[in-house]
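Colleague: my questions are about this predicted structure, shown below with the sequence.
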Amino acid sequence: MLSSWGNGEGKSDCCINWRGMKCDNHMGHVISLDLHGQPYTEMGYHVQYLGGKIGTSLAELLHLKHLNLSRNQFEGILPTQLGNLSNLQSPDLGYNNGHMITCENLDWLSGLHLLRQLDLSWVNLSKATHWPQAINKMPSLTELHLSYTQLPPINPTVSISHINSSTSSLAQLLGSMPDAFRTMTSLAYLDLSDNDLNGSIPDDFGNTTTLVYLDLSQNHLLGSMLNAFRTMNLLAYLDLSNNELNGSISDAFGNMTTLAYLDLSQNQLLGSMPDAFRTMNLLAYLDLFDNDLDGSISDAFGNMTTLSYLDLSWNQLLGSMPDAFGNMTTLASLYLTFNQLEGEIPKSLRGLCNLREFSLSYNNLTGPLEKDFLACSTNTLDFLNLSHNRLRGTSFPHLSGFSQLTYLDLGFNQLNGTLPESIGQLPQLKLLDISSNSLQGPRFPHWLHTQKGLMELDISASRISDVIPNWLWNSIEYWGWLNVSNNHISGTLPNLTSHPRSLAMDMSSNCLEGSIPQSIFKNAIWLDLSKNKFSGLVSLLCNITKSGWAMQTLHLRNNNLTGALPSSLKNCRDVHLVDLGKNKLSGRLPSWIGGSLSDLIVFNLRSNEFNGIIPLNLCQLRKIRMLDLSRNNLSGAIPKCLKNLTTMAHKGSLIIAYYEMVYNLSKQYVDNTLVQWKGKELEYKNTLGLIKSIDFSSNKLIGEIPIEVTDLVELVSLNLSRNNLIGPIPSTIGQLKSLDFLDLSQNQLSGGIPSSLAQIAHPSVLDLSNNTLLGKIPSGT
C-alpha cells in the first residue's frame, strides 16, 4: 500500500492532503503519522476510529520519527518490524480495544536508539517475559506508559545488566518494577498502573530521581508508606491509589515540596494525617479517600493555600471541621463524606469563592444551616451533598443565587419549614433530594413545574398530603429516579398516553388507590408501588426501554390487587425481584415462572390466595435466594427438585441494587423486601443479599419433607410450619449448618428427632413443636 503513494509530486500530495501526516520539507519523507482514534465525543457517541491489524508495511517508513495509532480498535500481534524504524522517537500504540493487541516480546525496541517516549498501554504483554531487559536498553527514555498491560512476573534467574546486588530488593515486585528503571537517568514519566503488581515498594526505588510523574495505582502493592520517595526532588505527580498499603503516612512527604498531585486513596493507611502536609506549598490535589485514618483534621490544612481538590471521605476522622479550611481560597472540591465529624459547618467557608463540589454527607454535623453558609460560591457551586447529618434550621437555606447548581442533596437531616420556593429558581438542577427532614408540605411543590431539566427527585417523607399533579408527568422529559414515598399522597394514577421515561420510581407508603394503569409499567426498570390501596387486576406491560433496559424490580406488596398472576409477567425476563406479597391474588402458580423468569433472586408471593400445587418448573430458578410462598392455599407435595435451586447450595452474597448514572456519578438504589424472621416481619435492604430463605409455611402441603432439601447447604432460613407434612425429619438435616432459623412446627411429623441437628450450631430459632416427634433436641443445637 505504501508504495502506491508514488514518488516525487505524488508523494508530496500525500503529505499535503492526508490527515495526520507530516513530511520532511526537503526530501518529502514521512516523518510523522498521527492516526489516533476519536472514539467518543463529549456526548459519548462513537465517532471515528480505525480497526483491523497493524500492517508490517509501516516498517517501510524508514524516516518516521513519530507514530500515533492510539485509541483505535486495532487487534492482533504487534509487528516487530517496527524495530527497523531507527529514527522513531515516540511510538504511541496505547488504549487500543483492551488487550486485543498482543506483543510476545519487546526485543524489537533495541533497534530504536532515539526512543524518547513509548506508550503501550492496554497492549497485552503477558508473554513478554524479558521485558525488563528491553527497558534496560532504553536509557534515554523520558516517558514510559505501560498501564493495564498484564506485565508478567520477573524471572529472578534472568540477569539484568547494570543491576547492583545491593539493590536487588526491587525485584520484590512480582509484576515488575525492576532495577532497570534505576539506570534510566532521563526517565521523567512512568505509568505502571493497573498491572497486578505486588510486593512492597523498596526504598531504592527513590534512586530514580529524574521522575516528575509516577503512577502505580490499581495494583496490589503492600507494606507501609516507607521513604522510597523522599529523594525524588522533582516529583510533581504521585498516584498510589487502589493498592494495599498500610501503616501511617510518612513524614517524608513533607520533603516533597514539588508535589502538585498526591493520590493515596483506597489503601489501608492508619493513624492521623501528618503535619508534613503543611510544607507542600505547590500541592493542588490531595486524595486520601477510603483509608482508616483517624483523629481530628489538622489546622495545618489552612496553610495549603494552593489546594484545589481535597478528599478525606470514608475514613474515621473525628472532631469538628477546622475554621482553617476557610484559608484554602483556591479550593474547588471538598469531600469529607462518611466520617464521624461533629459540630457546625464553619462560618469561614463563606469565603470559598471557587468551590464547585462540596460533600459532608454521612457525618454527625449539627447546628443550624445558615442561609448564607456558602455565600461566596453562588456562581461556582454545582454539587452540594449535606445528607445524613443532623443539621437543623427553622428556614431553608437561600438557594436561588446558585446559578450553576446541578446536584443538591439535603436528605435525612432535621430541616423544617416548608419546601422552599427558591429551589425552583435553580436553572441547572439535575438531582434534588430533600427527603426525610421535618419539612411541612402539605401541597405538592408547584415550583417543580419550572424544573425542566430535573432527572432525579426525592421528596419522600416530606409530609405531602396532595395528589400528584398532571403537570409533573408532562413537564419533565426524562426521569432517572422519582421517589415520593412515605407521604400522604392520594388519588389515582392517570393512564397517560405519553409520559417521561422513568428508570426508577418509588411511590410506596402512600394512599394511592384505584387500578394501576398499564402505562406506569411501560418504561420502568425499578418500580415500587407497595403499601398503597391499589385494587383490581394487574395488567403489566413489560417492554425493553428505549435505552435497552428492561424491568428488573417490581414491588406491589401490601395492596388490594386481585386476580391471577398476569401472563404478561413472563415477558419480564430480566426481572430479579418480584414482591407481590399481601394482596388478594389467586389462582394457580403458572408453570412458566421458572423458565421465563430465570434471573429471579427474590420471589415473594406471601399472604395471597394462590391454590394448587407448587409447579416443578419453579425449580429452574437457579439464582433464587429468597422464595416465599407462605400464607396461601397451596397443596400437594414439596417438589424434590428444590435441590436444583443451586444458589442456595453455594456460598456468596450480593447487594441487590440498581445503579443509575446522574451527574457523572453512580447512584445506587438498593432493593428491599419483607422477610418473616423470628416471628416478625422485617424489612431487609442492604443485607437482603445475605438471606437465603425458603418459606412455604401456612399452606396445605402434604407428604414428607424431601431429603433433597438438605442439599441446599447454605440455607439461612427454612420455614415449613403450619402445613400437613408427615413422616420423619430428614436424617441429613444437619447438613444445613448455616441455618439460623428452622421452623417445622404444627405439622404431623413423626419419628425421632435426628441427632444430626447438633451440627447446626446455635440457631436463633428452632421450633419443632406441635408434631409427634420422639426424643430430645440434641445438645449443642
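Modeller: Cool, the structure landed.

Colleague: which residues of the stretch 351-500 of the chain fall in strands?
Modeller: With DSSP state E, counting those that start in this stretch as the criterion, the stretch 351-500 of the chain has strands at 357-359, 364-365, 383-385, 392-393, 407-409, 414-418, 431-433, 438-440, 456-458, 478-479, 481-483, 490-491.

Colleague: what's the closest of these to L120?
Modeller: strand 357-359 (34.2 Å; CB to CB). C-betas here are computed from N, CA, C, even on glycine.

Colleague: in its sheet, what does the closest one sit against?
Modeller: strand 333-335 (parallel), strand 383-385 (parallel) (DSSP bridges).

Colleague: give me the residues contacting the last one.
Modeller: Think strand 383-385. 337, 356-361, 374, 402, 405-410, 663 (CB atoms under 8 Å, 6 or more residues apart in numbering).

Colleague: stretch 87-98 too?
Modeller: So stretch 87-98 is contacted by 31, 36, 54, 62-75, 78, 82, 101, 112, 114-123, 143, 145, 147-148 (CB under 8 Å, 6+ apart).

Colleague: okay, now the unreliable bits of the stretch 1-150 of the chain?
Modeller: For the stretch 1-150 of the chain, the stretches with pLDDT under 70 are 1-14, 16-17, 39-47, 98.

Colleague: which parts of it are strands?
Modeller: 21-23, 30-34, 51-53, 66-68, 73-77, 90-92, 101-102, 117-119, 143-145.

Colleague: distance to L282 and mean neighbour count added to these, as TSV?
Modeller: Formatted as TSV, those follow (distance: least, CB to CB, whole Å; neighbours: other CB atoms under 10 Å):
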stretch	distance to L282	mean neighbour count
strand 21-23	36	17
strand 30-34	33	18
strand 51-53	43	12
strand 66-68	31	19
strand 73-77	39	15
strand 90-92	28	21
strand 101-102	37	20
strand 117-119	25	21
strand 143-145	21	21
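
Colleague: thinking again about what came up before, how about the strands of the stretch 351-500 of the chain, which one is nearest L718?
Modeller: Of these, nearest to L718 by CB to CB is strand 481-483, at 34.5 Å.

Colleague: run me through the strand neighbours of the closest one, direction for each.
Modeller: Applying DSSP bridges, strand 481-483 is found paired with strand 456-458 (parallel), strand 504-506 (parallel).

Colleague: redo those as JSON lines? Include mean neighbour count.
Modeller: Below are these laid out as JSON lines (neighbours: other CB atoms under 10 Å):
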{"stretch": "strand 456-458", "mean neighbour count": "22"}
{"stretch": "strand 504-506", "mean neighbour count": "21"}
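
Colleague: now these as TSV including distance to P639 and mean pLDDT?
Modeller: What follows is those, written out as TSV (distance: least, CB to CB, whole Å; pLDDT from 0 to 100):
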stretch	distance to P639	mean pLDDT
strand 456-458	42	90
strand 504-506	35	89
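
Colleague: what's the closest of those to G247?
Modeller: Going by CB to CB, the one of these nearest G247 is strand 456-458, 40.2 Å.

Colleague: need the helices for the protein, in chain order.
Modeller: For the chain, the helices defined by DSSP state H cover 9-17, 131-136, 470-475, 593-596.

Colleague: worst-scoring helix or strand of this protein, pLDDT-wise?
Modeller: Ranked by mean pLDDT, DSSP states H and E, the weakest helix or strand in the chain is strand 657-662, scoring a mean of 45.

Colleague: out of the strands paired with strand 481-483, which is closest to M27?
Modeller: strand 456-458 (60.5 Å).

Colleague: K22 is nearest to which of the strands paired with strand 481-483?
Modeller: The nearest among the strands paired with strand 481-483, by CB to CB, is strand 456-458 at 48.0 Å.

Colleague: returning to what we had before: for S598, which of the strands of the stretch 1-150 of the chain is the nearest?
Modeller: Closest to S598 of the strands of the stretch 1-150 of the chain is strand 73-77 (CB to CB; 33.4 Å).

Colleague: who does that closest one pair up with?
Modeller: strand 51-53 (parallel), strand 101-102 (parallel).

Colleague: hmm, L426 and T450 touching each other?
Modeller: No - judged on CB atoms under 8 Å, T450 makes no contact with L426 at a distance of 9.2 Å.

Colleague: who has more neighbours, those two?
Modeller: Ranked by neighbour count (other CB atoms under 10 Å), T450 and L426 place L426 first, with 23 against 15.

Colleague: tell me who's in contact with the more buried one.
Modeller: Going by CB under 8 Å, 6+ apart, L426 touches 399-400, 402-403, 405, 408, 451.

Colleague: how near is it to L381?
Modeller: Per CB to CB, to the nearest Å, L426 is found 11 Å from L381.

Colleague: which neighbours do those two share?
Modeller: What both L426 and L381 touch, as defined by CB under 8 Å, 6+ apart, is the set 402, 405.

Colleague: where in the stretch 201-350 of the chain is pLDDT low?
Modeller: Those would be 204, 225-227, if you go by pLDDT under 70 across the stretch 201-350 of the chain.

Colleague: ends of stretch 618-626, how far apart?
Modeller: 13 Å (CA to CA, to the nearest Å).

Colleague: give the buried residues for it.
Modeller: By 16 or more other CB atoms under 10 Å, the buried positions in stretch 618-626 come out as 618-621, 623-626.
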